[in-house]
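Participant: this is a predicted model, with the sequence first.
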Amino acid sequence: MMRKLNLFLLLSFLGWSGCSEDSAPSENTPTVHHSLTARDGYEVTYKPNPNPIPLNDHFALEITVTSADKSELPANLIIEVDADMPTHKHGINTVPTIRSIGKGQFLAEGLLFHMAGDWEIYIDVIRGPVRERATFPMTLK
Amino acid sequence: MKSLLVFLMLFLTTACDNHLNSISIKIHGIEFSPTEITEILKLSPLPPPPPNTHNAYADNNHAALFGQFLFFETRLSSNNKVSCATCHQPETHWTDGLKVSVGLEQVSKNSPTLWNTAYNRWQFWDGRKDSLWAQSLAPLENTLEMGGNRLKVFRLVSDDRALREAYEKIFDAIPKLDTGLTLMDACPVPNNPKDLLQLAWSSLSDDDHIRISRLFSNLGKAIEAFERKIISKSAPFDRFVEGIRRKNRNDMESLSSEALRGMKLFIGKGQCILCHTGPNFTDREFHNIGLDRGNFPLAVGRFKGIEQVKTDEFNRLGNYSDDRSVLSNKALHYVTQKPNNLGEFKTPTLRNIRKTGPYMHDGRFENLHQVFDFYSKLNQKPALGHREESLRPLNFTDKEITDLIAFFDSLTGAPLDDSLMQKPDSPGR
């Protein structure tokens, strides 16, 4: 299995500030995540809600898909979302529901990460028989 | 200052957990790093039980008293001898102290403690119920446990004056049934259309089905209101954590060095907090820790539980729930059966763990030494599925086991008020 390494931008926050709710998230960063799908067809970003992703509570992902070459995004794209803890060999116990909320914009609801540790979020962009996967590693504390 | 050294940044003076992140603390000569402190602070205090919208009576004190009466009421069983308290005895920390429980007959599971069940996301070892009220209806009709049935229960509550008065004061007036008074016993028996109780149930009108099941579910809601009071806090461990939070040396030093070392093992080398996490020491979810089949009946665990809770007539999205919105019931709405769920069981709370043996879903371990021996070696062949990879053999030394047990001792909470540990004189006030 040869899979091209994904472009993965990590915005990390150094240090922490006070304990007010609206201070910068000190853990479970980053806020907006970008990745190319495995065959470079699409650029995918997601923003969790709540942000950062909470431990053991439900959250949603606001997903944006654009064509990597900036061409018009094909219609009838289907999005699927899943997640795993690769080192523990198990994943989430839910199947998120996906809603289209605008051109190239989707809302995935019903994810829950019940354990702290290393997770991978998979966002699959499906067009007819072709499925392209964007993989987003993240560490949940 | 001999046994206690606190290094803290001077400008961090507010009682805010974030600010404690940068302190290293030495107690009885044992040093806790800022990361360890952060983990410890997550384990206490226990907040009030989560709000409950699917049971409109969850925090109603009349309902709680009524529920307490029902909890100890043997007339709900077919032989008038078994009550909830038979298997969840207040004196033995709401368990029965047996390997597996015995009601009318022996069952295949160990009776879990009822301490802090209000915090659970799922009930039963396999999570086949998603609320305490729905859970409590199961043993009432289970032929091995209490062997009652919802029509019998309906008759009991409508015919007994005290029960009827208490019920009607909290809920609605008990409706008249279409069926005559000759039929005394009926309930659905899924998968057995020929069962006499099922045949009797089929003979009732649809309206009667709803009237009977409504009253039945209301009894569950009263029992839940009572169970929400069975909360265990104020353990020596809580005092210790409060001490860290308030920088009170006496409280920080209130645990023995054994207990402190056990605590370090629990959050460190043992990685027990991966699953036994949060102030109730459970992630409220399910894991396959790789227990073998042994001589025990094969239990598929969570795999079947998901299917059952999704189709349960009393689940939180069903007709008898007081809040059926998806928003309030995300856990049930989104949960989906996956092959990984084979052989998974719910992470039990560890509060009062010293008092709630035997241990594991089938009570296979009589004492904590056996539990630690298991986590030490992990040499059992999982009965089903595969052991979660996060678990690694820990090879605990005897000394480490002594330390862990001392830490577990610090998780035994203050006793409940006597008035909650017995059958009240009457079901209502």
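Facilitator: Yep, that arrived.

Participant: from here on, contacts and neighbour counts on C-alpha atoms
Facilitator: Will do.

Participant: chain B contacts on chain A?
Facilitator: A:16, A:18-19, A:56, A:58, A:87-90, A:93-96, A:110-111, A:114-116 (Cα under 8 Å from any Cα of the partner chain).

Participant: give me the buried subset of those.
Facilitator: A:58, A:90, A:93, A:94, A:95, A:96, A:110, A:111, A:114, A:115, A:116 (16 or more other Cα atoms under 10 Å in any protein chain shown).

Participant: contacting residues around the residue lying closest to the fourth one once chain neighbours are set aside?
Facilitator: The shortest distance from residue A:94 to any non-neighbouring residue, by Cα to Cα, 6 or more residues apart in numbering or on different chains, is to residue B:335 (4.3 Å). With contact set as Cα atoms under 8 Å, 6 or more residues apart in numbering or on different chains, residue B:335 has these partners: A:93, A:94, A:95, B:306.

Participant: take those and keep only those in helices.
Facilitator: The helices, defined by DSSP state H, take in residue B:306 from those.

Participant: report the two of the contacts of residue B:335 separated the most.
Facilitator: The most widely separated members of those are A:95 and B:306, with 12.8 Å between them, by Cα to Cα.

Participant: overlap of the contact sets of the two?
Facilitator: B:335, B:336.

Participant: and the pLDDT for the closest residue to residue A:110 other than its chain neighbours?
Facilitator: Of all residues beyond its chain neighbours, the one nearest residue A:110 is residue A:96 (4.7 Å), with distances taken as Cα to Cα, 6+ apart. pLDDT for residue A:96: 96.

Participant: same check, this time on residue A:10
Facilitator: 30.

Participant: same question, the one 4 residues further on
Facilitator: In this prediction, residue A:14 carries a pLDDT score of 29.

Participant: which residues sit in contact with the residue of the stretch 101-250 of chain B found nearest chain A?
Facilitator: Here the stretch 101-250 of chain B gets closest to chain A at one residue, residue B:121, 10.7 Å apart by Cα to the nearest Cα. Applying Cα under 8 Å, 6+ apart to residue B:121 gives the contacts B:130, B:131, B:284, B:285, B:331.

Participant: for stretch B:318-326, how far is the first residue from the last?
Facilitator: With Cα to Cα, to the nearest Å as the measure, stretch B:318-326 spans 11 Å from end to end.

Participant: so for that stretch, mean pLDDT?
Facilitator: For stretch B:318-326, the per-residue pLDDT averages 98.

Participant: same thing with stretch B:23-42?
Facilitator: Mean pLDDT, stretch B:23-42: 95.

Participant: what does stretch B:190-208 give?
Facilitator: pLDDT averaged over stretch B:190-208 gives 96.

Participant: if you count neighbours, what's buried in it?
Facilitator: For stretch B:190-208, by 16+ other Cα under 10 Å, it's B:197, B:198, B:199, B:200, B:201, B:204, B:208.

Participant: count of neighbours near the residue nearest to the first one when sequence neighbours are not counted?
Facilitator: Translated: residue B:197. Leaving aside its sequence neighbours, residue B:197 sits nearest to residue B:186 (Cα to Cα, 6+ apart; 4.6 Å). Residues contacting residue B:186 under the criterion other Cα atoms under 10 Å in any protein chain shown number 24.

Participant: what about residue B:186, which SS state?
Facilitator: Under DSSP: H, G, I helix; E, B strand; the rest coil, residue B:186 falls in the coil class.

Participant: same question for residue B:139.
Facilitator: helix.

Participant: right, and it touches residue B:133 too?
Facilitator: No - taking contacts as Cα atoms under 8 Å, residue B:139 lies outside contact range of residue B:133: 11.5 Å.

Participant: ok, those two, which is more surrounded?
Facilitator: residue B:133 (28 against 18).

Participant: mind telling me what element the more buried one is part of?
Facilitator: Under the criterion of DSSP states H and E, residue B:133 resides in helix B:132-141.

Participant: chain center to that helix, what's the gap?
Facilitator: In terms of Cα atoms, centre = their mean, to the nearest Å, the centre of helix B:132-141 is found 13 Å from the chain centre.

Participant: likewise for stretch A:85-95?
Facilitator: Mean-position distance between stretch A:85-95 and its chain equals 14 Å (Cα atoms, centre = their mean).

Participant: got the end-to-end distance for that stretch?
Facilitator: 15 Å.

Participant: now do the buried residues in stretch B:302-313.
Facilitator: Neighbour count says stretch B:302-313 has B:302, B:303, B:304, B:305, B:306, B:308, B:309, B:310, B:312 buried, by 16+ other Cα under 10 Å.

Participant: ok, it near chain A or not?
Facilitator: No - using Cα under 8 Å from any Cα, stretch B:302-313 stays clear of chain A, with a minimum separation of 9.7 Å.

Participant: any weak-confidence spans in chain B?
Facilitator: Within chain B, the segments meeting pLDDT under 70 span B:1-21.

Participant: residues touching the residue most central in space within it, list them.
Facilitator: The geometric centre of chain B, computed from its C-alpha atoms, lies nearest to residue B:117 (Cα atoms, centre = their mean), at 3.3 Å. By Cα under 8 Å, 6+ apart, the contact list for residue B:117 reads B:123, B:132, B:227, B:228, B:230.

Participant: hmm, back to that, restricted to strands, list the buried ones among the residues of chain A next to chain B.
Facilitator: With DSSP state E as the criterion, strands contain A:58, A:90, A:110, A:111 from among these.

Participant: lowest-confidence entry in those?
Facilitator: For these, the least confident entry is residue A:90, with 85.

Participant: show me which residues of the stretch 301-429 of chain B sit near chain A.
Facilitator: Of all the residues in the stretch 301-429 of chain B, those lying near chain A are B:330, B:331, B:334, B:335, B:336, B:337, B:338, B:340, B:388, B:389, B:390, going by Cα under 8 Å from any Cα.

Participant: need the max-distance pair from those residues.
Facilitator: Among those, B:330 and B:389 lie farthest apart (Cα to Cα), at 27.4 Å.

Participant: the two: which has the busier surroundings?
Facilitator: Comparing residue B:330 with residue B:389 by other Cα under 10 Å, the one with more neighbours is residue B:330, at 19 against 15.

Participant: what separation do you get for the more buried one and residue A:90?
Facilitator: Counting by Cα to Cα, the gap from residue B:330 to residue A:90 is 21 Å.

Participant: give the closest residue to residue B:68 in space, chain neighbours not counted.
Facilitator: Closest to residue B:68 by Cα to Cα, 6+ apart is residue B:226, at 5.5 Å.

Participant: now do residue B:116
Facilitator: residue B:231 (4.9 Å).

Participant: same deal with residue B:394?
Facilitator: Residue B:394's closest residue in space is residue B:376 (Cα to Cα, 6+ apart), at 4.4 Å.

Participant: please apply the same query to residue A:41.
Facilitator: Nearest one to residue A:41, counting by Cα to Cα, 6+ apart, is residue A:68 at 5.5 Å.

Participant: thinking again about what came up before, redo the contacts of residue B:121 as CSV? Include neighbour count.
Facilitator: Shown next, in CSV, are the contacts of residue B:121 (neighbours: other Cα atoms under 10 Å in any protein chain shown):
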residue, neighbour count
B:130, 24
B:131, 27
B:284, 22
B:285, 23
B:331, 21
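
Participant: let me have those residues in a markdown table, adding distance to residue B:417 and secondary structure as columns.
Facilitator: Shown next, in a markdown table, are the contacts of residue B:121 (distance: Cα to Cα, whole Å; DSSP: H, G, I helix; E, B strand; the rest coil):
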| residue | distance to residue B:417 | secondary structure |
| --- | --- | --- |
| B:130 | 28 | coil |
| B:131 | 24 | coil |
| B:284 | 26 | coil |
| B:285 | 30 | coil |
| B:331 | 33 | helix |
